[in-house]
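Trainee: 3D, please:
(one chain, ligands or ions: 2)
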Amino acid sequence: MFKIPFLDLPPLRSAAGTVRLPGSKSISNRVLLLAGLSEGRTVVHDLLASDDTAVMLDALRALGCGVDVQAGGPVVIDGIGATVKVAAAKLFLGNAGTAMRPLTAALAVLAATQGGSFEVSGVPRMHERPIGDLVDALRGLGCAIDDLGKPGYPPLRLHGPSKLRLSEAVRVRGDVSSQFLTALLLALPLVAEQDVRIEVIGELISKPYVEITLALLARFGIQVRREGWQAFVIPAGSRYRSPGEVFVEGDASSASYFVALGAIAATGTPIRIEGVGSESLQGDVRFAEAAIAMGAAVTTGPNWLEVKRGQWPLRGITLDCNHIPDAAMTLAVMALYADSPSTLTNIASWRVKETDRIVAMATELRKLGATVEEGPDWLRVEPLKAWRAASIHTYDDHRVAMCFSLAAFNGLVTEAAVPVRILEPYCVAKTFPDYFETLFGVVTARSEEVPVLTVDGPTASGKGTLAHELAESLGYHVLDSGALYRATGLAAERAGVSFDDGAALGRVAAGLKLRFTDYRVWLGDEDVTDALRWESTGQLASRVATVPEVREALRQLQLDFRRPPGLVADGRDMGTAIFPGAPLKVFLTASSLTRADRRHKQLMAKGISANIESLRDDLEARDARDKTRPTSPLTPAQDARLLDNSEQTIEQSRDLVLSWWAERSPFKPMA
Ligand SMILES: O=C(O)C1=C[C@@H](OP(=O)(O)O)[C@@H](O)[C@H](O)C1
Ligand SMILES: C=C(OP(=O)(O)O)C(=O)O
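Mentor: Residues are numbered from 1 along each chain as shown. Ligands and ions are numbered 1, 2, ... in the order given. Sure, this is the predicted structure:
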C-alpha cells in the first residue's frame, strides 16, 4: 500500500495482463458475522484483508468469538452461537457500513433477549452516515437503543434486557440504504422463536445487496420466505448452522476499475480479471453490462472476465445505476472518454456513503477540466478533450481514489497528456489495500513520460539512503545501479559461468531478476542484500564491470526500471549516461572527513575496527580515480543540482530534494 500523502500517476498508455481480485467486502463481512453468530467453527478462505474486515474481526474478538487469522491461509472463526459471551463491549467500526449496520441490529436483539450493553462507533464520517431508519425499526421491535451523538447517527448504545414484540411485523425504510434491511435479516434469526416478519417501507434501493444477504443466510441454514421486495419472513426455529467452510469470491466492485481499464486501454491482449464472473453472487458484476453499453468488449466465464477495448472513443450512456451504486462511480470517469455525454441516474445513496459522492465526483471531475452537472440524485458528465493536471482530493473514499486513477489514460484522447495526482492514496485500504500496486502490474507508460530522479555521487556520500528515502516519499521504484554489477558477479559465479566468457556474462546480466524493496535487494526469491556487500562480491563486480556485453545488458536493465509510477535511480552515471533526460538530477557530495566518519561508524556497528584517517585517505584516492577514469568518469551532469550533505541530516537532504522536485511538478502545492 502507498502510505504517502500523494501518488503521482504519469500518463498511462495501455493495459494488458491478469488481475486477481481481493475478496468481496460485502461477502466477507457477512460471512464473518454469520460465522461469529453460528455455533462451532467456520473456515473462511480468500477473505478480504482490508480496513473494513479488520474492524469486523476486531469486533468478533471483542464479543468472544475465536478468531485465527493465518498468514496467507484461511481465517478460522469459532462462533458464539446465539449466546452473549461478553456482556459489555465498545466496538470501533471505522467507516464500514457492512459492520456498523448488521452489528447494531445483531447486538440490539441479543442485548434485548439476554442482557448486555454494547457501544458502536466509527470514524467521524461514520457518525454522519444515517442509521436512523434501522434504529427506528429496532426500537419498534422493542430494543433499547441510546443515541450517544446526534439522533439517527452512530455512535449508539444497545442495551437490555427488554421485551421484543416478535408477533408484530418489523417495519424498516428501504430507500436510504439497503444495509438496514440486510442488518435485520442477519439479526432476526437469533431470536426467531416464532415467524418474524420484516416489511419494507418505501422503494428498496441497492437490491442486489439484499440478494447477497439472502444467499449467504441460506448457506448458514436460514431459508427466508419472501414476498417480492416488500416483505421477508424468518421462519420460526431458524438457527444459524455453519457450513464448515466458505470460499469468498473476488470483489465485483473492485473489478469495475479493471473492466474500465480494459475498455479504455486494452487494445491488444485483454485484461483478465479473476475472482468474479457469470456465477458471481454480487450485483456489481452487472457493471460489465454498463461497460459493454459504453463500448467494452467483454467475455466471461464462471469466475473470470476478460475485457478489451471495443468501440473507441467510448459511447456516452444514460443509465439508472441503482442496482450498482458502488461500481457506477467508475462510469463517471469512463464518461470522460466517451463520444457524447453520460448521465447516471437514481444515485441518491451516493450522498450518504464514504463522502457525498455526487459532490466529490463533480468537484474532482471539474478539476480535470470536465463539464459536469449534478442533481439531487444524478450526475451528467461530458467527454473531455482539454485535460488539466489535477490533484484529486479523495475524501477518505477508496472509490474516489481508485476510479480517478483511470484519468491517467488521458493521453489516449489528447495530444497533451497530463499526469494525475491522487491525494491520500492509502484510503484504498478500506477495500483494496494493494489497488495501485495491482494497477501498476498491468499498465504501461511511455518510458520518457515516467518521471526519473537521479542521485549520483561518490562513495559513502549517502546516496543509497537518500534514494530510498525519496523513493519512499514519492511511492517510486528505486534502482541501486551499483548493486546490478555486484548481482551479476554473484549470479555468474553461482551459475559457474567463466569470467572470460563475455557473451555468457552478458546473458547472466540480461537475465537478472533483481528487485529493490524496503532497503532489501532480491535476486529472484532470495534476499541478497548482505551477500551483495561482501568484499568477495565487490571483487566479482569489478571483474564483470569491464565486460562490454555486461555493460550493455545492464544498461537495458537499468532503463527497464523506468516504470510507473516513477523511479529514483542511484549510482555514478545515472544523470550523465543512463537517464540524461531525467527532470531532476542530484549530485550528492559530502566532505571526505564526513564520509570517512560515516564509513567508520558503519564498520564499528558491524564490529569491524577501522581507522578514520586511513579511511579518509582511501576515499580521497578513490575519488581521484573515479573522476579521471576513461569510461563514465564520476562528474555531475551539467544540469545536476549539487547537494553537499556534510552538515545535514538525512531528513533535511530528503526534504530539500523533495522541494526541488515539487518546483518542477505541474501540480500546485497541497492546500
Ligand atoms: O450491503 C452491502 O454490502 C452494501 C450495500 C450498499 O449500500 P447501500 O444499500 O447503502 O446502497 C453498498 O453501497 C455498500 O458498499 C455495500
Ligand atoms: C458504500 C461503501 O461502503 P460501506 O460498506 O461502508 O457502505 C463502499 O464500499 O462503496
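
Trainee: ok and the residue in the stretch 551-671 of the chain nearest ligand 2?
Mentor: P565 (24.4 Å; CB to the nearest ligand atom). In short, each C-beta sits where N, CA and C put it, glycine included.

Trainee: isn't that residue right up against P10?
Mentor: Yes: using CB atoms under 8 Å, P565 is in contact with P10, at 6.3 Å.

Trainee: between these two, what contacts are shared?
Mentor: V450, P451 (CB atoms under 8 Å, 6 or more residues apart in numbering).

Trainee: so after the strand or helix carrying T113, what's the next helix or strand?
Mentor: According to DSSP states H and E, T113 maps onto helix 97-114. With elements assigned by DSSP H and E, the helix or strand that comes after helix 97-114 is strand 116-121.

Trainee: re the thing from before, tell me the helices and strands packed up against the helix holding T113.
Mentor: Judged by 3 or more CB pairs under 8 Å, 6 or more residues apart in numbering; DSSP states H and E, helix 97-114 is in contact with helix 25-37, helix 51-62, strand 116-121, helix 132-141, strand 144-147, strand 156-160, helix 179-187.

Trainee: once you drop chain neighbours, what's closest to A187?
Mentor: Nearest residue to A187, sequence neighbours excluded (CB to CB, 6 or more residues apart in numbering): A105, at 3.6 Å.

Trainee: give me the nearest residue to A54, chain neighbours excluded.
Mentor: Closest to A54 by CB to CB, 6+ apart is G94, at 7.7 Å.

Trainee: correct me, but that neighbour touches P124?
Mentor: No: using CB under 8 Å, G94 makes no contact with P124, being 11.0 Å away.

Trainee: and T18, helix, strand or coil?
Mentor: strand (DSSP: H, G, I helix; E, B strand; the rest coil).

Trainee: next one: K606, what pLDDT does it get?
Mentor: Listed pLDDT for K606 reads 81.

Trainee: how much space is there between it and A590?
Mentor: Look at K606 and A590: by CB to CB, to the nearest Å, they are 20 Å apart.

Trainee: who has more neighbours, these two?
Mentor: Neighbour count, other CB atoms under 10 Å: between K606 and A590, A590 has more, with 24 against 9.

Trainee: excluding chain neighbours, what is closest to the more buried one?
Mentor: S646 (4.5 Å).

Trainee: what does V413 give?
Mentor: Leaving out its chain neighbours, the residue that sits closest to V413 by CB to CB, 6+ apart is Y337, at 5.8 Å.

Trainee: what element comes up after the helix or strand bottoming out on mean pLDDT in the chain heading to the C-terminus?
Mentor: Every helix and strand of the chain was ranked by mean pLDDT, DSSP states H and E. The lowest is strand 514-517, at a mean of 84. Per DSSP H and E, the first helix or strand lying C-terminal to strand 514-517 is strand 520-523.

Trainee: ok, the next helix or strand after that next one: who's next to it in the sheet?
Mentor: Where DSSP H and E defines the elements, the next helix or strand beyond strand 520-523 is strand 526-527. Strand 526-527 has its sheet partners listed here by DSSP bridges as strand 520-523 (antiparallel).

Trainee: give me the residue from the stretch 401-550 of the chain nearest ligand 2.
Mentor: With CB to the nearest ligand atom as the measure, T431 is the residue of the stretch 401-550 of the chain nearest to ligand 2, at 5.7 Å.

Trainee: might you list the low-confidence residue ranges for the stretch 501-650 of the chain?
Mentor: Filtered on pLDDT under 70, the stretch 501-650 of the chain yields the residue ranges 631-632.

Trainee: can you give me the helices for it?
Mentor: For the stretch 501-650 of the chain, helices defined by DSSP state H, counting those that start in this stretch occupy the ranges 502-510, 529-533, 535-544, 548-560, 592-605, 612-628, 650-663.

Trainee: what is the burial count for the residue nearest to A187?
Mentor: With other CB under 10 Å as criterion, A105 counts 32.

Trainee: hmm, I131 and it touching each other?
Mentor: No: if you go by CB under 8 Å, A105 and I131 don't touch, sitting 9.9 Å apart.

Trainee: what comes up buried for stretch 414-429?
Mentor: 417-429 (16 or more other CB atoms under 10 Å).

Trainee: just stretch 598-612 next, same as before
Mentor: Residues R598, R599, H600, A610 are the ones in stretch 598-612 that count as buried (16+ other CB under 10 Å).

Trainee: ditto for stretch 195-210
Mentor: V196, R197, I198, E199, V200, L204, I205, S206, P208, Y209, V210.

Trainee: what of stretch 382-389?
Mentor: By 16+ other CB under 10 Å, the buried positions in stretch 382-389 come out as E382, P383, L384, W387, A389.

Trainee: check whether C403 sits in a helix, strand or coil.
Mentor: From three-state DSSP, the assignment for C403 is helix.

Trainee: quick one: low-confidence ranges for the protein?
Mentor: Across the chain, the ranges flagged by pLDDT under 70 are 631-632, 669-671.

Trainee: return the residues of it in contact with ligand 1.
Mentor: 26, 97-98, 177-179, 182, 205-206, 209, 325-326, 349 (CB under 6 Å from any ligand atom).

Trainee: quick one: which of the residues you listed is nearest H398?
Mentor: Closest approach to H398 among the residues of the chain next to ligand 1 (CB to CB): D326, at 9.7 Å.

Trainee: measure the closest one to E354 for me?
Mentor: Counting by CB to CB - D326 and E354 are separated by 10 Å.

Trainee: mutual contacts of those two, please.
Mentor: Joint contacts of D326 and E354 (CB under 8 Å, 6+ apart) are R399.

Trainee: so the two - more neighbours on which side?
Mentor: D326 (28 against 23).

Trainee: let's verify the more buried one: helix, strand, or coil?
Mentor: Following three-state DSSP, the label given to D326 is coil.

Trainee: for the residue nearest to V413, give me its contacts.
Mentor: I264, P313, L314, P383, L384, F409, L412, V413.

Trainee: by neighbour count, which of those wins?
Mentor: I264 (29 neighbours).

Trainee: can you tell me the element that one falls in?
Mentor: Secondary structure assignment for I264, by DSSP H and E: helix 252-265.

Trainee: same check on S278?
Mentor: Remark: S278 resides in no helix or strand, with elements defined by DSSP H and E.

Trainee: residue of the stretch 1-150 of the chain closest to ligand 2, please.
Mentor: Proximity to ligand 2, evaluated over the stretch 1-150 of the chain using CB to the nearest ligand atom, is greatest for G97 at 2.6 Å.

Trainee: burial count for that residue?
Mentor: Number of residues near G97 (other CB under 10 Å) recorded here: 25.

Trainee: ok, and the closest non-adjacent residue to it?
Mentor: Of all residues not flanking G97 in the chain, Q179 sits nearest, at 5.3 Å (CB to CB, 6+ apart).

Trainee: quick check: G262 touching G268?
Mentor: No: contact criterion CB under 8 Å: G262 and G268 do not qualify, at 11.1 Å.

Trainee: neighbour count for those two, which is higher?
Mentor: Shown here are G262 and G268; by other CB under 10 Å, G262 has more neighbours (30 against 9).

Trainee: residues of the stretch 301-450 of the chain that sit close to ligand 2?
Mentor: D326, K353, E354, R399, T431.

Trainee: farthest pair within those residues?
Mentor: Across those, no pair lies farther apart than K353 and T431, at 12.2 Å, counting by CB to CB.

Trainee: which one of the two has more residues nearby?
Mentor: T431 (27 against 21).
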